[in-house]
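[1] The following block contains a protein sequence and its predicted model.
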Amino acid sequence: MSAQLVADLRVADRVQAAFTAEPGEVLAIIGPNGAGKSSLLHAIAGLVDVEGSAHLGGTDLLATPVRERRVGLVFQGQLLFPHLTALDNVAFGRRARGEDRRSAESVGREWLERFGIAELADRRPRELSGGQAQRVAIARALATDPDVLLLDEPFTGLDVSVQMALRIELGQHLRDFAGITLLVTHDAIDALTLADRVLVLDHGQVAQVGRPAEVAAEPRTPHVARLVGLNLVPDGDDLMAFTPDAVTVSLAEPEGSSRLRWKGQIATLAPHGDAVRLLVHASPDLLADVTPAAATELQLVPGCEVWLSAKATAVSRYGAREAGR
Ligand SMILES: Nc1ncnc2c1ncn2[C@@H]1O[C@H](COP(=O)(O)OP(=O)(O)OP(=O)(O)O)[C@@H](O)[C@H]1O
């Protein structure tokens, strides 16, 4: 059975979020650290006390005993059962539901094959690489044929190249998955490539919901703006958006009358294509791209006080109170 999820959840004073998700849909949940993303998934899985409501079609999810919820979990740093082989791990959920061994193992083998790791069936988790273990963990969740698949930072801790390969594979599996996927991620690439819609959580509340391209084009929170590489500055009822390469960095206060200038302290410097990208703690935090030559000449290092300015012509404005809130 696949059905729409209609949820209005309250987790202590950490989360108060109402949202819906459609069968077959991947809903990415993004937001800063501590926004309540994991708490939201834990609430659906029944791992924390929750008030409110969550219905999957005609089923009252919160009234369903946790063991009977058709929910698949892949959590950050989640361990496989160490004493079970990869195959037994993947077959575990079906066995726990009372399915006979042969049938559960046959489904388990199919899932290992789909993830290209059939030859690892007899290995124990300690004999698997991080990427292989994560494939087993995702296969284990999908093998139970869940109505809702909960993925919390499924690529965290893996090498970048492994992340990339796994992201592509997961995308293929999610396309065929008839249930709902809720994907918590810190990575804009995940949200942009895997999700049908993005839900932005901020201080436990839903700040924005939309298709990835809409959210990227008109982010409503500075966190999301930075995630997609934009600067976002509130200006009355408007939001001003501009790209990091439209920002000029100087050590002295820029001359002229432009209001578009901010003083701040460099938090980080990182290579970004041909440029060096600075994250500057200002009000609000801003991104600026400079050439490596300029970074050297200005002796830019973390902690350095700088002035940032942007040309008015490089700034686009949109209303903060439009739909999408
Ligand atoms: N079991 C708990 N009891 C009390 N407070 C908690 C519990 N779990 C998390 N918190 C707090 O609730 C807030 C939300 O945490 P949560 O882990 O849901 O956020 P998150 O958005 O997933 O963060 P991150 O991206 O850092 O994983 C945080 O301030 C956290 O410290």
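    Cool, the structure landed.
[2] Show me which positions of stretch 8-15 end up buried.
    Neighbour-count burial for stretch 8-15 flags L9, R10, V11, R14, V15 (criterion: 16 or more other C-beta atoms under 10 Å). In short, each C-beta sits where N, CA and C put it, glycine included.
[3] my bad, should have said stretch 206-221
    Under 16+ other C-beta under 10 Å, the buried positions of stretch 206-221 are V206, A207, Q208, V209, G210, P212, V215, A216, E218, P219, R220, T221.
[4] Would you check that the last one makes contact with Q208?
    Yes. Applying C-beta atoms under 8 Å as the test, T221 and Q208 come out as touching, 6.9 Å apart.
[5] Sort the buried residues of stretch 8-15 by pLDDT and name the bottom one.
    Looking at the buried residues of stretch 8-15, model confidence by pLDDT dips furthest at R14: 92.
[6] who touches both of T221 and Q208?
    Residues touching both T221 and Q208 (C-beta atoms under 8 Å, 6 or more residues apart in numbering): V200.
[7] sorry, back to before: tell me which ones among the buried residues of stretch 8-15 also neighbour the ligand, please.
    R14 (C-beta under 6 Å from any ligand atom).
[8] In the buried residues of stretch 8-15, find the pair that's most separated.
    Taking C-beta to C-beta, the two most distant members of the buried residues of stretch 8-15 are L9 and R14; they sit 10.4 Å apart.
[9] which neighbours do these two share?
    Contact criterion C-beta under 8 Å, 6+ apart; residues shared by L9 and R14: none found.
[10] can the buried residues of stretch 8-15 go into JSON lines with extra columns for secondary structure?
    Below are these laid out as JSON lines (DSSP: H, G, I helix; E, B strand; the rest coil):
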{"residue": "L9", "secondary structure": "strand"}
{"residue": "R10", "secondary structure": "strand"}
{"residue": "V11", "secondary structure": "strand"}
{"residue": "R14", "secondary structure": "coil"}
{"residue": "V15", "secondary structure": "strand"}
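[11] show me what contacts P23?
    S2, A3, Q4, A178, G179, I180.
[12] That one and V280: what is the separation?
    As judged by C-beta to C-beta, to the nearest Å, P23 and V280 stand 43 Å apart.
[13] How about A91?
    Going from A91 to V280 by C-beta to C-beta gives 51 Å.
[14] now swap in V228 and tell me
    17 Å.
[15] longest single strand anywhere in this structure?
    Ranked by residue count and defined by DSSP state E, the top strand of the chain is strand 261-272.
[16] Remind me what that one packs against, helices and strands.
    In terms of contacts (3 or more C-beta pairs under 8 Å, 6 or more residues apart in numbering; DSSP states H and E), strand 261-272 is packed against strand 275-281, strand 286-290, strand 305-310.
[17] So for the ligand, which of these sits nearest?
    strand 275-281 (17.4 Å; C-beta to the nearest ligand atom).
[18] would you put the C-alpha positions of that closest one in CSV?
    Taking Å, rounded to 0.1, in the frame of the first residue of the first chain, the C-alpha atoms of strand 275-281 are listed here in CSV:
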residue,chain,number,x,y,z
ALA,A,275,38.3,31.1,-6.6
VAL,A,276,38.6,31.1,-2.8
ARG,A,277,35.3,31.2,-1.1
LEU,A,278,35.1,33.1,2.2
LEU,A,279,32.4,32.6,4.8
VAL,A,280,32.3,35.8,6.7
HIS,A,281,30.5,36.2,10.1
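[19] and the residue of the stretch 201-325 of the chain nearest the ligand?
    L201 (6.5 Å).
[20] Am I right that that residue falls within a helix?
    No. Assessed with three-state DSSP, L201 is strand; it does not lie in a helix.
[21] Tell me which residues are up against stretch 55-71.
    Residues contacting stretch 55-71 (C-beta under 8 Å, 6+ apart): 1, 3-7, 44-47, 50, 52-54, 96, 144-150, 179.
[22] repeat that with 7 Å
    The contact list for stretch 55-71 (C-beta atoms under 7 Å, 6 or more residues apart in numbering) reads 1, 3-6, 44-46, 50, 53-54, 146-148, 150.
[23] Cross those against strands and list the overlap.
    Going by DSSP E, the strands hold L5, V6, S53, A54, V148, L150 from these.
[24] before we move on, the earlier item: how about the buried residues of stretch 206-221, which pair is most distant?
    Spanning the widest gap among the buried residues of stretch 206-221 are V206 and A216, at 17.3 Å by C-beta to C-beta.
[25] Helices of the stretch 101-250 of the chain, residue ranges please.
    Secondary structure of the stretch 101-250 of the chain (DSSP state H, counting those that start in this stretch): helices located at 101-114, 130-143, 160-176, 188-194, 212-217, 222-227.
[26] Neighbours of N231, how many?
    N231: 25 surrounding residues under other C-beta atoms under 10 Å.
[27] Likewise for P146?
    Neighbours around P146, by other C-beta under 10 Å: 20.
[28] now S161
    When neighbours are counted by other C-beta under 10 Å, S161 comes out with 9.
[29] ok, now M164?
    13.
[30] I'd say R135 and I117 touch.
    Yes. Under the criterion of C-beta atoms under 7 Å, R135 makes contact with I117 at 5.4 Å.
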